[in-house]
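Student: need a 3D model of the sequence below.
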Amino acid sequence: MTQVRMTQPRIILFSFLVGVCGCGHKTSGTPPPPESSNEVLLTEDQITKIKLKTEVVDFQDVDNTIRTNGKVTYEDQKVAHVFSPVSGKTTKVLVTLGDHVKKGDPLVVIESPDVGVATSDVGKAKADLVAAAHEFQRQKELLETHATSQKDYESAANDFRKAKAEVERAEQKARLFRQGDVTGQAYTLRADLEGEVFMKAVSPGMELAGQYGGGNPVELFTIGQTDRVWVISDVFEFDVRRVKLGTKVVVEVASWPGRSFEGKVDWISGSLDTNTRATKVRCSFDNPDGALKPEMFATVKISVDVKKAVAIPRSAVLRFGDQTVAFFDRGAQGNQRRFERLPVTVDEGEGSEWLTVEHGVNKGDVIVTSGAILLSGML
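Tutor: Numbers count the residues shown, from 1 in each chain. Next up is the predicted model:
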């Protein structure tokens, strides 16, 4: 039997080929390892499961943010606080909470002696004026014939002027009452504007104090519209110069976690509170669904010093030791995607959700904006 004898060079070549074939077979079944310890390879299924999100780096509106607190209020031209001008007893309440009323709709009927008194006061004042006018004319004629004294003439003139003033006073008071409907002593109070009845503090049989009766009147109804509301906030003295009319404002309220409402500054007070050293800033918001309700407390973010710059979201930045890092999507590698962790330099002093890039990131890069912490744990 003939034996095949292999020389040393042939043995070396044979071993190399066996190794290459073996390695090639192993590679086809297992993904290649990451090229460095700062890289992670993930399949599309893994990316979906950990809810990884990426974003292309571009120019953004970067700003600083003044954070403060505020309270939602009605826009003052769209709310009416209804009081009764007359004292008396309610006989009918014609609306209830949540009703939508139009301007001039009846709200409540009040049986009031004030109405009768006001009407009789006008009649009495007019009668007194007629009598005072006659006396004044008589004294004037007598004075011309030297049949009366200057003192009596001046006294008649004063009485005439007082009678005229009393008529004006009585008519003005009666005119206030005539804002409603008067039938005998029944006074019907009507709505001053269209809106929803947000508050009702009256019921049949209640005794009411009138605004013009010298008592302590209570608010009977609050009627308003909330399709547009205000948020009043305090801005401290050292930040006032940075806030301008028209500045963008974002507010958040506890009732709607995760939702932001965008508006703008439309008024800045001209004075400071002596105790808080802050000034009032009013911000207006469209509120078509009524989500912002008056008296809600709000977290207010006022954007200032806006500029255009290459920036990345704050959520993309991680602290790794003494470095600031971010994960970059380097594209597909086989049936996986490669993510690389690299140091970056950003301006973290800005209060915006966007951080200006100083080094390490270029426009057009794809960075991880959500899930970067999970990627870091895989290294």
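Student: which strands or helices does the host helix or strand of His81 pack on?
Tutor: Under the criterion of DSSP states H and E, His81 resides in strand 79-82. Judged by 3 or more C-beta pairs under 8 Å, 6 or more residues apart in numbering; DSSP states H and E, strand 79-82 is in contact with strand 221-224. Using the backbone N, CA and C atoms, a C-beta is placed for each residue, glycine as well.
Student: which strands border the strand it packs on, and is each parallel or antiparallel?
Tutor: Pairing partners of strand 221-224, with direction, according to DSSP bridges: strand 79-82 (antiparallel), strand 195-200 (antiparallel).
Student: what residue ranges in the stretch 51-200 of the chain score low on pLDDT?
Tutor: For the stretch 51-200 of the chain, the stretches with pLDDT under 70 are 63, 176-184.
Student: before we move on, the earlier item: chain center to the strand holding His81, what's the gap?
Tutor: What separates the centre of strand 79-82 from the centre of its chain is 20 Å, taken as C-alpha atoms, centre = their mean, to the nearest Å.
Student: ok, residues contacting that strand?
Tutor: Contacts with strand 79-82, where a contact means C-beta atoms under 8 Å, 6 or more residues apart in numbering, come from 107, 189, 191-193, 195, 219-225.
Student: go again using 10 Å as the cut-off
Tutor: 73-74, 101, 103, 107-108, 189-195, 197-202, 219-226, 229, 294 (C-beta atoms under 10 Å, 6 or more residues apart in numbering).
Student: in the sheet, who's paired with His100?
Tutor: Glu196.
Student: one step back: of all the strands paired with strand 221-224, which one is nearest Lys51?
Tutor: strand 195-200 (41.3 Å; C-beta to C-beta).
Student: go through the closest one and flag the buried ones.
Tutor: Buried residues in strand 195-200, counted by 16 or more other C-beta atoms under 10 Å: Gly195, Val197, Phe198, Lys200.
Student: need these in CSV (columns: distance to Gly290).
Tutor: Putting the buried residues of strand 195-200 into CSV (distance: C-beta to C-beta, whole Å) gives the following:
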residue, distance to Gly290
Gly195, 12
Val197, 14
Phe198, 11
Lys200, 18
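Student: returning to what we had before: list the buried residues for the strand holding His81?
Tutor: Val79, Ala80, Val82.
Student: give the partner strands of the helix or strand just after that strand in its sheet and their orientations.
Tutor: Sequence-wise, the next helix or strand downstream of strand 79-82 (DSSP H and E) is strand 88-93. Using DSSP bridges, the strands paired with strand 88-93 are strand 106-111 (antiparallel), strand 207-208 (antiparallel).
Student: so which of those strands gets nearest Gly360?
Tutor: By C-beta to C-beta (comparing all of those), the closest turns out to be strand 106-111, at 66.3 Å.
Student: check the offset of the closest one from the chain's centre.
Tutor: Worked out by C-alpha atoms, centre = their mean, strand 106-111 lies 35 Å from the chain centre.
Student: equivalent analysis for stretch 290-302, please.
Tutor: Stretch 290-302 has its C-alpha centroid displaced from the chain centroid by 4 Å (C-alpha atoms, centre = their mean).
Student: first-to-last residue distance for that stretch?
Tutor: 22 Å (C-alpha to C-alpha, to the nearest Å).
Student: next one: stretch 82-97
Tutor: 14 Å.
Student: buried sites along that stretch?
Tutor: Val82, Ser84, Pro85, Val86, Ser87, Gly88, Thr90, Val93, Val95.
Student: could I get those residues as TSV with distance to Arg277?
Tutor: Below are the buried residues of stretch 82-97 laid out as TSV (distance: C-beta to C-beta, whole Å):
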residue	distance to Arg277
Val82	37
Ser84	41
Pro85	41
Val86	45
Ser87	44
Gly88	48
Thr90	47
Val93	47
Val95	44
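Student: tell me which two of these sit farthest apart.
Tutor: The widest separation within the buried residues of stretch 82-97 (C-beta to C-beta) is 21.0 Å, between Ser87 and Val95.
Student: ok, Asp159 - contacts?
Tutor: Asp128, Leu129, Ala131, Ala132, Ala133, Glu135, Phe136, Gln139.
Student: right, and the third one touches Phe160 too?
Tutor: So the one you mean is Ala131. Yes. Counting by C-beta atoms under 10 Å, Phe160 is a contact partner of Ala131 at 9.4 Å.
Student: ok, the two, which is more surrounded?
Tutor: Taking other C-beta atoms under 10 Å, Ala131 and Phe160 do not tie; Phe160 has more neighbours (21 against 13).
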